[in-house]
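Trainee: for reference, the sequence and a predicted model appear below.
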Amino acid sequence: MDAKLDTLIEKLKTEGVEAARQQSDDIIDKAKKDAEQIVNKAKTDADLLVKQAEIKAQEFQRNSEAAIQQASRDMVLVLKEKIINLFNKTLKAKVEKSLSEDFIKSLISKIAEQIKPDSMVGIQISDSDKSDLMKVLQSGLKDTLKNDFEIKVSNRINNGFRIGIKDQDVYYDFTDESIATSLLEFLNPTLQKLVKSE
């Protein structure tokens with residue numbers, strides 16, 4: 001009986017140990033699988049975060065480059081505009097300076113000679129030129145013109161003059177603004193072409 005009992009105890013021990021070992025192996029296998037799943041999920045999450053970070057970095061770089069390009073275009077446009085405005089101011093100042101009293105008197109005489117002798121010549125000058133130019137024109141033109149003429153001051157003229165037949169809407173405009181505008185129409189496309197060439 002003791003032998004049977006010993007055999008039974010031994011059998012129970014063997015089966016218990018085997019069952020415990022099997023259970024232990026199952027727990028270890030499950031832990032390994034769980035750990036592997038956790039590691040795989042962590043890798044997947046990390047890859048996803050890296051991809052999202054790369055996409056955001058690329059988007060940030062594109063936005064930064066676009067902002068820099070826009071700022072560059074804006075700066076070039078402002079610079080071009082300033083150069084053209086400076087050119088316009090310089091040209092207008094040069095035209096204004098070139099309209100000397102002698103030049104104006106000579107030009108008015110030549111234009112007035114082309115107007116019919118029986119027509120009244122109307123001359124408009126600026127208020128700033130009134131005192132000096134009025135004397136020069138009256139003394140110089142009386143000797144050379146066959147026509148009667150009338151000199152009026154116009155607040156629309158800064159420098160230069162307008163001349164035509166009195167009380168008619170047709171006249172020659174030799175104001176600094178008119179001459180500068182005419183020159184700018186001819187010169188600005190050239191200047192703009194030069195400024196635009198990069």
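Mentor: Cool, the structure landed.

Trainee: got a pLDDT number for residue 52?
Mentor: Note for residue 52: predicted pLDDT of 91.

Trainee: next one: it from residue 171, what distance?
Mentor: Look at residue 52 and residue 171: by CB to CB, to the nearest Å, they are 74 Å apart. C-betas here are computed from N, CA, C, even on glycine.

Trainee: pLDDT-wise, which helix or strand of this protein ranks last?
Mentor: helix 130-144 (a mean of 66; mean pLDDT, DSSP states H and E).

Trainee: picking up where we left off before, who has more neighbours, residue 52 and residue 171?
Mentor: residue 171 (16 against 10; other CB atoms under 10 Å).

Trainee: that older thread, quick one: mean pLDDT for the next helix or strand after the least confident helix or strand of the chain?
Mentor: The element immediately downstream of helix 130-144 (helix or strand, assigned by DSSP states H and E) is strand 149-153. Average pLDDT, strand 149-153: 79.

Trainee: how about stretch 65-77?
Mentor: Average pLDDT, stretch 65-77: 86.

Trainee: so how far is it from its chain's centroid?
Mentor: Taking CA atoms, centre = their mean, to the nearest Å, the mean C-alpha location of stretch 65-77 is offset from the chain mean by 8 Å.

Trainee: how does this structure divide up, domain by domain?
Mentor: 1-98, 99-196 (automatic domain parsing).

Trainee: ranking those domains by burial, who's on top?
Mentor: Among these, ranked by average contacts under mean count of other CB atoms under 10 Å, first place goes to domain 99-196 (a mean of 15).

Trainee: quick one on the thing from earlier: which one of the domains of the chain has the lowest average pLDDT?
Mentor: Looking at those, the weakest mean confidence is domain 99-196, a mean of 73.

Trainee: give me phi/psi at the nearest residue to residue 119 once chain neighbours are set aside?
Mentor: Take residue 119 and drop its neighbours on the chain: the residue closest to it by CB to CB, 6 or more residues apart in numbering is residue 165, 4.8 Å away. Backbone torsions of residue 165, given as degrees, to the nearest 10, read phi -80, psi 130.

Trainee: tell me what the lengthiest helix in the chain is packed against?
Mentor: Assignment by DSSP state H gives helix 2-98 as the longest helix of the chain. Applying 3 or more CB pairs under 8 Å, 6 or more residues apart in numbering; DSSP states H and E, one finds that helix 2-98 makes contact with helix 176-196.
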